[in-house]
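A.B. asks: Sequence plus the predicted model coming up.
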Amino acid sequence: MIRKTTSVVILTGLLVACSPQKKTDEAPQAPASSAVASAAPMAVDTLSCAGPVKQGDTAKSLMATYGKDATLGMIPGAEGTEEKGLILFDKDSKHRLEVLFADEAMTQVSLVMARGTSTAWKGPEGLHLGSKLGDIELANGRAFTVGGFDWDYGGYVSDLKGGRLAEIPGGCMFGLRMGFAEDNTNPVPDSLIGERTLDSGDPVLKKASPVVQEMTIGWSVAEPAA
């Protein structure tokens with residue numbers, strides 16, 4: 001099933017305010033010239049409000065910047081849905097990023113996402129895919145809450161309790177989603193599964209040892225004027 005909405009953005013818990021957009025322009029096309037050069041990843045692989053994607057970027061501007069390392073594609077979401085977006089460094093698993101937009105014309109960037117088991121990108125305070133509960137607490141300066149696991153919308157860090165990660169430099173929003181590594185042999189108790197809110201200091205949660213499996217940088221998108 002394909003949805004042309006910002007559903008994936010909403011599910012990250014970044015509270016992006018958006019509404020359906022009128023289809024005014026066709027999706028941007030990749031540069032026609034095969035001579036467009038690839039853009040290497042940033043020297044310091046930092047995922048922040050300033051880059052590698054920043055507020056104001058469009059699909060067209062990103063394709064101009066990153067050349068053949070920027071491709072249009074469908075981004076998988078929850079419940080089997082997909083959303084039209086742009087993929088950076090698709091052939092480089094350590095630098096792959098998925099970019100989503102708030103409008104059909106792909107002129108309003110709303111979310112940049114790194115996910116999987118490993119990435120070269122570092123988020124605020126050095127967080128990365130594979131970071132643990134204690135790493136997030138240390139980076140945030142305090143405890144936080146995370147949603148229950150093992151369902152389509154599970155594992156998102158839902159409340160940073162006003163810690164350092166709740167307001168990062170540059171004015172964008174930082175999001176995390178946690179899960180369990182494939183080689184994790186710790187059993188996941190029923191008390192951690194399903195639609196519920198868990199405290200990062202919960203000893204049962206700590207014993208289960210979830211890790212970061214998704215990092216996002218996002219921006220609020222204002223509703224169009226009536």
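C.D. replies: Good, I have the coordinates. Numbers count the residues shown, from 1 in each chain.

A.B. asks: Okay, helices next: where are they in this protein?
C.D. replies: Along the chain, counting by DSSP state H, helices occupy 7-11, 59-66, 133-140, 203-208.

A.B. asks: Could you tell me the average pLDDT over stretch 85-95, please?
C.D. replies: Mean pLDDT, stretch 85-95: 95.

A.B. asks: Repeat that for stretch 198-208.
C.D. replies: What stretch 198-208 shows for mean pLDDT is 95.

A.B. asks: Quote the end-to-end distance of that stretch.
C.D. replies: End-to-end distance of stretch 198-208: 12 Å, with Cα to Cα, to the nearest Å as the criterion.

A.B. asks: Please enumerate residues in contact with it?
C.D. replies: 133-134, 136-137, 143-148, 180, 184, 186-189, 191-192 (Cβ atoms under 8 Å, 6 or more residues apart in numbering). For every residue, glycine as well, the C-beta is placed using N, CA and C.

A.B. asks: Now a PyMOL select for only the buried ones of those residues.
C.D. replies: Buried members of the contacts of stretch 198-208, defined by 16 or more other Cβ atoms under 10 Å, are picked up in PyMOL with:
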select buried, resi 133+136+143+144+145+146+147+148+180+188+192
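
A.B. asks: returning to that earlier point: to Thr117, which of the helices of the chain lies closest?
C.D. replies: Closest approach to Thr117 among those (Cβ to Cβ): helix 133-140, 15.7 Å.

A.B. asks: For the closest one, name the packing helices and strands.
C.D. replies: helix 203-208 (3 or more Cβ pairs under 8 Å, 6 or more residues apart in numbering; DSSP states H and E).

A.B. asks: Show me which positions of the helix it packs on end up buried.
C.D. replies: Neighbour-count burial for helix 203-208 [16+ other Cβ under 10 Å]: Leu205, Ala208.

A.B. asks: now the helices of the chain in CSV, with distance to Ser158?
C.D. replies: Shown next, in CSV, are these (distance: least, Cβ to Cβ, whole Å):
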stretch, distance to Ser158
helix 7-11, 11
helix 59-66, 30
helix 133-140, 12
helix 203-208, 13
